[in-house]
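*Asks:* Build the 3D model from these lines:
(2 chains)
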There are 2 protein chains.
Amino acid sequence: MVTTSNKTVVFRKTPSEYPVAGEHLDVETRELVTDLKENEVLTRNLFLSADPYLRGRMRPSPSYIPGYVIGSPLDSYGVAEVVSSKNPAYPVGTIIYGTVRWEEYSVISADRISSFEILPKARELASRIPLSNYVGVAGMPGQTAYSSLKAVAKPKAGETIYISAASGAVGQLVGQLAKLQGLRVVGSAGSDAKVEYLLKELKFDAAFNYKNGSVLESLREAAPEGIDIYYDNVGAEHLEAALEVLNKYGRVVACGQIADYNTKTPYGVKNLMYIVAKSLRVEGFLVTDYTRERKDFLNEISQSILNGDIIYKEDITDGLDKAPEALIGIFHGKNFGKAVIKIADL
Amino acid sequence: MVTTSNKTVVFRKTPSEYPVAGEHLDVETRELVTDLKENEVLTRNLFLSADPYLRGRMRPSPSYIPGYVIGSPLDSYGVAEVVSSKNPAYPVGTIIYGTVRWEEYSVISADRISSFEILPKARELASRIPLSNYVGVAGMPGQTAYSSLKAVAKPKAGETIYISAASGAVGQLVGQLAKLQGLRVVGSAGSDAKVEYLLKELKFDAAFNYKNGSVLESLREAAPEGIDIYYDNVGAEHLEAALEVLNKYGRVVACGQIADYNTKTPYGVKNLMYIVAKSLRVEGFLVTDYTRERKDFLNEISQSILNGDIIYKEDITDGLDKAPEALIGIFHGKNFGKAVIKIADL
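*Replies:* As a prediction, this is how the structure comes out:
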């Protein structure tokens, strides 16, 4: 029996409000048996995606996504390299993308391995498309932006879109795709540096720091003609302000409500009557319902990255030791760009 | 110059909460000059529609529907008979449907008359389709139910729909149409008599009096497998309970939010995160966007009434003197069935 030491991020305890590193999420070193059965592979895990929705997995079941199990590792979308294989479809050296446990190495069972996508060009393109991109702009958050903008927002050139958490994993791509489609793009974020990034780097038409005064007033000023689409990553006050400012037949893409993920007393939205009065559509979606678009998305987005049409800011945390803080930091708005955990380089 | 005495319901003052008869809405007798210019008609007004959305017209502009003008008559959908005409398209005896002022007689100007629909069969069918039906089941509320159920709810046989204010103008038709389409139908209303009507007359599968305990618990009991569609006429607590109980990919038809029409402090809905988590769609609509369906609707619904496939309860108030109380009564849940004001019979 061959074993290896395996640093692991473990779910310790269900948080009732903000999770705390060391209390709810903790790092420990475990032993991993690396002997493989038929069709199994051993991976060296490289990059992990730290996403707001993972907070929803830190709740006791029943929930709408499988919850983390106390005492077990976290998992999330990630990129890994096959370093040992008894599966001819996933030979040594293959770069794969899928649900990766937050640990240095994983043995992936025969029945789980088929859920992983092979990234055939990832190694060859690694100098121009960093591997971290596959958990961000070219991964689930990127496809979330791409598919939901198209299928839920149904944008028309000349319309105005407002994006909250606009420098985040999804928001920054939504904004750039909307610009490419001829929309007027307004964003908000939680620091002046983020706002500057939106305006200077991403060329948003307007942006504001929501911490500097009322969201509603800032939004009104940034979108004096109203908005047609609200891309909601935040909920609460932002959603209420957007409902106020949305034009007739406006749409809300309900992507996330991070403002309420860590509180026992969620914000009460009081102006839902606008949905009736202005014929609005507020719609959620599951990115996993768009897997048929995954290939097209990956081709398009890779080409856009290579062409320089799309840029993407990542906030990379180095090593699993700091992974709990990195994940928790998202809920405090500490990440600037897509939060990624790097375990190892190729 | 020929004049006639003309009883009129006048908008006196903008209410901040519940309107009060005599204070915000009042009845007075005015003089009407009945001499007609070219293309004008004189109508004897017969039936008026008293609808919850009219509360939205008792606000100062800007609003999303034109507000009532202080000192001027109310108006709403209504049925009238042409009693004098200088317009060959609308000869004496024509029964018309459109926006009627709340007064006994109206002179309709040349440019307004074309907005009225002629009801060619109304007189001939009056013994089997009462004229009052044209402001209810065969009018705007009926088409609201018909078009929004089809276009917004997109129901599938076997699904469960929950309807609030289910014995009201829109709700009772939504429920019957849903039954005809093979749905399981759950409704709520504000009295035991209304609940009995839903169960016994309209053959709903389940119904509850929302005043007897928690809406959420009652809904859970009535729909143990959850609901797929919520047809919302009420908002507030009903909407919150529905969001809780809606199944994945559920839809909310945002038709009205009467619970909040007469308060300065609307209810705050705290569980909008379900829109994200369960991929829900919450959508408003304007019945006026479905005017192209009006003819099909009127044919279908008339046939259904004649066949006895659809029944429809009306709460008819006799005479303009009691019209303010009748309209205000809606906001207190006093009407049992569609609220109609009868000014005169054919």
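*Asks:* Every contact and neighbour count from this point should use C-alpha atoms.
*Replies:* OK.
*Asks:* where does chain A have low pLDDT?
*Replies:* Scanning chain A for pLDDT under 70 picks out A:61-64.
*Asks:* residues touching the residue nearest the centre of it, list them.
*Replies:* Closest residue to the average C-alpha location of chain A: A:Pro141 at 4.1 Å, with Cα atoms, centre = their mean. For A:Pro141, the contact set (Cα atoms under 8 Å, 6 or more residues apart in numbering or on different chains) comprises A:135, A:169-170.
*Asks:* Measure how buried A:Thr4 is and give me the count.
*Replies:* Neighbour count of A:Thr4, defined by other Cα atoms under 10 Å in any protein chain shown: 12.
*Asks:* Could you look up the SS state of it?
*Replies:* Here A:Thr4 is recorded as strand under DSSP: H, G, I helix; E, B strand; the rest coil.
*Asks:* distance of it from A:Asn247?
*Replies:* Distance from A:Thr4 to A:Asn247, counting by Cα to Cα, to the nearest Å: 59 Å.
*Asks:* ok, now A:Val287?
*Replies:* 26 Å.
*Asks:* Around chain B, which positions in chain A sit nearby?
*Replies:* Counting by Cα under 8 Å from any Cα of the partner chain, chain A comes close to chain B at A:64, A:235, A:254-257, A:266-271, A:273, A:275-286.
*Asks:* out of those, which are buried?
*Replies:* Neighbour counting with 16 or more other Cα atoms under 10 Å in any protein chain shown marks A:235, A:254-257, A:266-271, A:273, A:275-286 as buried within the residues of chain A next to chain B.
*Asks:* Tell me which of these fall in helices.
*Replies:* The members of those that map onto helices under DSSP state H are A:273, A:275-277.
*Asks:* now those in CSV, with distance to B:Gly182?
*Replies:* Listed next are these as CSV, based on distance: Cα to Cα, whole Å:
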residue, distance to B:Gly182
A:Met273, 30
A:Ile275, 28
A:Val276, 27
A:Ala277, 30
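*Asks:* Going along the chain, name the helices of chain A.
*Replies:* For chain A, the helices defined by DSSP H occupy A:110-113, A:122-125, A:140-148, A:171-180, A:192-196, A:215-222, A:236-245, A:273-277, A:294-307, A:323-331.
*Asks:* now for those helices, which one comes closest to A:Leu74?
*Replies:* Across those, A:Leu74 has its closest neighbour in helix A:323-331 (9.9 Å, Cα to Cα).
*Asks:* So chain A: which segments form each domain?
*Replies:* According to automatic domain parsing, chain A comprises the domains A:3-136+A:314-342, A:140-288.
*Asks:* Looking at those domains, spot the one closest to B:Thr99.
*Replies:* Nearest to B:Thr99 among these is domain A:140-288; the distance by Cα to Cα comes to 19.1 Å.
*Asks:* what about that closest one, how long is it end to end?
*Replies:* 9 Å.
*Asks:* any chance you could read off phi and psi for A:Pro91?
*Replies:* phi -70, psi 160 (degrees, to the nearest 10).
*Asks:* give me every residue that touches it.
*Replies:* A:Pro91 makes contact with A:82, A:84-85, according to Cα under 8 Å, 6+ apart.
*Asks:* repeat that for 7 Å
*Replies:* A:82, A:85 (Cα atoms under 7 Å, 6 or more residues apart in numbering or on different chains).
*Asks:* That one and chain B: what is the separation?
*Replies:* Relative to chain B, A:Pro91 is positioned 37 Å away (Cα to the nearest Cα, to the nearest Å).
*Asks:* what's the answer for A:Ala193, then?
*Replies:* Distance check for A:Ala193 against chain B: by Cα to the nearest Cα, it reads 29 Å.
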